[in-house]
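1. what follows is a predicted protein model with its sequence.
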Amino acid sequence: MSRREDFDLNGTRALVTGAGSGIGLDMARAFLARGARLVINGQDTEKLERARHGLDPARVIAVPGS
């Protein structure tokens with residue numbers, strides 16, 4: 001099994017906190033690239049919605065809050 005197959009996340013869901021920017025947003029991109037569907041969370045509602053639309057709105061749900 002290759003390393004890439006080890007990280008196949010098709011059919012999974014992930015919650016990424018702090019996903020409006022920085023490391024959280026990068027983690028969200030990485031999970032999406034591996035096939036996961038996401039719930040992203042962050043304190044800034046506008047920043048979180050921009051992040052969701054910049055990712056894949058069909059596979060990402062944004063839930064604002066701390």
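-> The structure has been received and is ready for your questions. Numbering: from 1, shown residues only.

2. spatially central residue for the protein, please.
-> For the chain, A28 is the residue whose C-alpha lies nearest the centre (Cα atoms, centre = their mean; 2.8 Å).

3. now the helix or strand that that residue is a member of, how far from the centre of its chain.
-> Assessed by DSSP states H and E, A28 sits inside helix 22-33. Its chain's C-alpha centre and that of helix 22-33 lie 5 Å apart, by Cα atoms, centre = their mean, to the nearest Å.

4. and what of stretch 59-66?
-> Put simply, stretch 59-66 sits 9 Å off its chain's centre (Cα atoms, centre = their mean).

5. what are the buried residues along it?
-> Under the neighbour-count criterion of 16 or more other Cβ atoms under 10 Å, stretch 59-66 has V60, A62 buried. Backbone N, C-alpha and C define where each C-beta goes, glycine included.

6. helices and strands of this protein: which one bottoms out on pLDDT?
-> helix 3-6 (a mean of 62; mean pLDDT, DSSP states H and E).

7. could I get stretch 36-45 in PDB with only the CA atoms?
-> Only the C-alpha atoms of stretch 36-45 are listed here, as PDB (Å, rounded to 0.1, in the frame of the first residue of the first chain):
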ATOM      1  CA  ALA A  36     -13.300  14.100   3.200                       C
ATOM      2  CA  ARG A  37     -16.400  16.200   3.600                       C
ATOM      3  CA  LEU A  38     -16.000  19.000   6.100                       C
ATOM      4  CA  VAL A  39     -17.600  21.000   8.900                       C
ATOM      5  CA  ILE A  40     -15.400  24.100   9.400                       C
ATOM      6  CA  ASN A  41     -15.600  26.300  12.500                       C
ATOM      7  CA  GLY A  42     -14.200  29.700  13.400                       C
ATOM      8  CA  GLN A  43     -15.100  32.900  15.300                       C
ATOM      9  CA  ASP A  44     -15.300  35.300  12.400                       C
ATOM     10  CA  THR A  45     -18.500  34.500  10.400                       C
END
